[in-house]
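Visitor: Pasted the sequence and its predicted model underneath.
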Amino acid sequence: LNGLNFCEVETPILIKSTPEGARDFVVPSRLNAGQWYALPQSPQTFKQILMVSGMDRYFQIAKCFRDEDLRPDRQLEFTQIDCEMSFVKQEDVLNTFEGLIRLLFRQICGVEFPPIQRMQYHDAMRDYGIDKPDLRYGMLLHDLTSITQGHECPLFDESELVLGIAAEGCAKYSKAKIKELTKVAQGYGCAGMAFIKNVEGLPSSVKKFFTPEELAGICKACEAKEGDLVCIFWGKKNDKFREMVGKFRHHLGDILGFRSKGFHALWVVDFPLVEWNEEQDRFTAKHHPFTSCKEEDRHLMKTDLGAVRANAYDLVVNGVEVGGGSIRIHDKELQHEIFNILGFTREEAQEQFGFLLGAFEFGAPPHGGLAFGLDRLCTLLGGGSTDIRDFIAFPKNTAGRDMMIDAPSWITQEQMEELNVATTCEHKKITTKAQWD
């Protein structure tokens with residue numbers, strides 16, 4: 001990055017809490033009673049202001065904090081390689097950081113990536129059911145709705161979408177093994193799983209609804225080979241259901257050994273600008289509220305908002321999202337339009353993001369960037385483990401606790417009074433057994 005004229009800048013850790021995204025970690029201010037800092041989920045607004053200020057290229061190794069439920073690829077605090085560039089378009093960003101990734105894998109793993117393919121979000125969701133597909137193996141999702149409905153099978157007839165996957169070589173699975181697979185699928189949210197064994201006789205859990213020729217047609221539609229197990233799922237016609245099946249596909253790849261060797265990288269591009277949040281009954285930003293839309297889709301913002309594509313992109317390696325970014329909004333009025341779509345009044349937007357909107361008054365250049373998850377990159381470059389805790393010194397456990405120093409911990413009454421805060425929780429001493437549980 002230094003060789004490409006990027007300038008390393010360290011941005012603040014104590015910042016302002018803003019809505020959208022994950023929950024903030026907050027810190028009470030002693031000097032400003034009743035007010036709070038937030039720890040940064042990313043340096044997003046700071047790097048945009050750096051671009052407005054006239055800096056051409058920026059990067060930093062940034063510590064980020066998000067109060068989210070933990071899992072193997074997520075910690076409360078993590079590290080990003082955070083980058084931003086002025087006067088760029090999407091291809092400029094992709095080409096620059098594709099070079100960085102190819103260099104890292106060449107020098108550390110001895111892997112020479114070919115030019116990294118681009119895949120549209122729509123195609124990724126249609127064929128793989130997930131926006132970070134592992135392309136080291138096939139077993140694509142196939143839409144079986146038209147050939148499975150109308151056969152008096154209630155599971156399929158009453159569903160909006162029927163999807164199938166041909167699990168390679170799994171027709172030999174016993175009933176017990178297929179039942180285990182069904183439980184896995186249900187764990188991802190699927191209602192259940194029907195199956196067809198692509199062997200002589202075509203044994204199937206839905207055999208009474210279909211003729212042998214129709215069962216063979218379903219197998220053919222899933223591109224099943226002799227000895228494959230066709231797994232069939234039913235649900236709503238939305239990305240949420242497709243993602244359930246996509247996660248099941250990744251599970252199949254794990255248990256069949258297709259995800260244990262080699263590397264495959266791709267850029268997923270053309271994400272939706274917004275997505276409908278059923279719980280909040282409103283649109284929310286797919287990435288964040290500072291992402292620009294495709295100029296050719298801007299006319300759809302008043303007529304078909306869900307069809308508007310964003311200038312956003314993710315880098316995926318082996319089914320792991322290792323980086324993502326976007327071309328940012330640099331026009332104040334467009335930014336206000338996006339805030340309005342997301343439910344902010346002009347006054348609320350000014351109160352929360354006035355510092356950024358004010359900077360736009362001085363003429364913001366077109367700018368965009370990307371952030372790599374350093375911890376996730378290490379799981380790939382280090383080989384073997386997929387748990388980022390194996391690459392972090394003093395990681396938190398699944399309850400968000402640091403077991404060595406016993407954090408988080410209670411603070412004294414004097415400290416709370418000094419910070420003008422109080423707690424409604426009863427002070428309970430945590431035993432050693434409870435800590436390790």
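Guide: Received the coordinates, thanks. Numbering: from 1, shown residues only.
Visitor: Tell me where the stretch 201-350 of the chain has strands.
Guide: Using DSSP state E, counting those that start in this stretch, the strands found in the stretch 201-350 of the chain span residues 229-235, 265-269, 274-277, 282-285, 312-317, 320-327.
Visitor: Tell me which stretches of the chain form helices.
Guide: Taking DSSP state H as the criterion, the chain contains helices spanning 44-52, 90-109, 121-128, 145-148, 154-157, 175-187, 212-221, 239-255, 332-341, 346-360, 374-382, 413-418, 432-436.
Visitor: now the second one: mean pLDDT?
Guide: Just to be clear, that refers to helix 90-109. Averaged across helix 90-109, the pLDDT comes to 93.
Visitor: With the first one instead?
Guide: The pLDDT scores in helix 44-52 average 91.
Visitor: again with the third one
Guide: The average pLDDT within helix 121-128 is 97.
Visitor: Quick check: buried residues in it?
Guide: Buried residues in helix 121-128, counting neighbours by 16 or more other Cβ atoms under 10 Å, are found at 121, 124, 125, 127, 128. To be clear about C-beta, it is placed using only N, CA and C from the backbone, and glycine gets the same treatment.
Visitor: do the fourth one as well
Guide: Neighbour-count burial for helix 145-148 flags 147, 148 (criterion: 16+ other Cβ under 10 Å).
Visitor: who's in contact with that helix?
Guide: For helix 145-148, the external contacting residues (Cβ atoms under 8 Å, 6 or more residues apart in numbering) are 156, 159, 160, 161, 162, 214, 217, 218, 221, 232.
Visitor: wait, what's in contact with the residue positioned nearest the centre of the chain?
Guide: Among the residues of the chain, the one closest to the centroid is residue 321, at 6.7 Å (Cα atoms, centre = their mean). The neighbours of residue 321, taking Cβ under 8 Å, 6+ apart as the test, are 131, 132, 314, 315, 373, 376.
Visitor: Give the bridge partners for it, please.
Guide: residue 316 (DSSP bridges).
Visitor: how close does it sit to residue 379?
Guide: 12 Å (Cβ to Cβ, to the nearest Å).
Visitor: Surely residue 188 and residue 249 touch.
Guide: No - the pair residue 188 / residue 249 is not scored as a contact, 10.1 Å apart, by Cβ atoms under 8 Å.
Visitor: Between these two, which has more neighbouring residues?
Guide: The residue with more neighbours, out of residue 188 and residue 249 and counting by other Cβ atoms under 10 Å, is residue 249; that gives 25 against 15.
Visitor: what about that one, distance to residue 374?
Guide: Between residue 249 and residue 374 the distance is 27 Å, computed by Cβ to Cβ.
Visitor: okay, the strands of the stretch 201-350 of the chain in JSON lines with mean pLDDT and distance to residue 201 next?
Guide: Rendered in JSON lines, the data for these read as follows (pLDDT from 0 to 100; distance: least, Cβ to Cβ, whole Å):
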{"stretch": "strand 229-235", "mean pLDDT": "97", "distance to residue 201": "14"}
{"stretch": "strand 265-269", "mean pLDDT": "96", "distance to residue 201": "39"}
{"stretch": "strand 274-277", "mean pLDDT": "86", "distance to residue 201": "44"}
{"stretch": "strand 282-285", "mean pLDDT": "86", "distance to residue 201": "49"}
{"stretch": "strand 312-317", "mean pLDDT": "96", "distance to residue 201": "40"}
{"stretch": "strand 320-327", "mean pLDDT": "94", "distance to residue 201": "40"}
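Visitor: Output those as CSV; include the columns distance to residue 362.
Guide: Supplementary listing: the strands of the stretch 201-350 of the chain in CSV, determined by distance: least, Cβ to Cβ, whole Å:
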stretch, distance to residue 362
strand 229-235, 49
strand 265-269, 31
strand 274-277, 28
strand 282-285, 25
strand 312-317, 25
strand 320-327, 20
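Visitor: For residue 417, find the nearest of those.
Guide: Taking Cβ to Cβ as the measure, the strands of the stretch 201-350 of the chain were each checked against residue 417, and strand 282-285 came out nearest at 38.4 Å.
Visitor: tell me which residues in that closest one are buried?
Guide: Buried residues in strand 282-285 (16+ other Cβ under 10 Å): 283, 284, 285.
Visitor: got JSON lines for those, with distance to residue 71 too?
Guide: Supplementary listing: these in JSON lines, determined by distance: Cβ to Cβ, whole Å:
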{"residue": "283", "distance to residue 71": "26"}
{"residue": "284", "distance to residue 71": "21"}
{"residue": "285", "distance to residue 71": "22"}
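Visitor: Closest one to residue 264 out of those, please.
Guide: When the buried residues of strand 282-285 are ranked by distance to residue 264 (Cβ to Cβ), residue 285 comes first, at 28.7 Å.
Visitor: Does that closest one touch residue 344 like I think?
Guide: No - look at residue 285 against residue 344 with Cβ under 8 Å: they stay out of range, at 11.1 Å.
Visitor: rewinding a little: would you turn the helices of the chain into CSV with distance to residue 28?
Guide: Formatted as CSV, the entries for these read as follows, by distance: least, Cβ to Cβ, whole Å:
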stretch, distance to residue 28
helix 44-52, 22
helix 90-109, 38
helix 121-128, 40
helix 145-148, 54
helix 154-157, 54
helix 175-187, 40
helix 212-221, 59
helix 239-255, 38
helix 332-341, 28
helix 346-360, 20
helix 374-382, 28
helix 413-418, 9
helix 432-436, 26
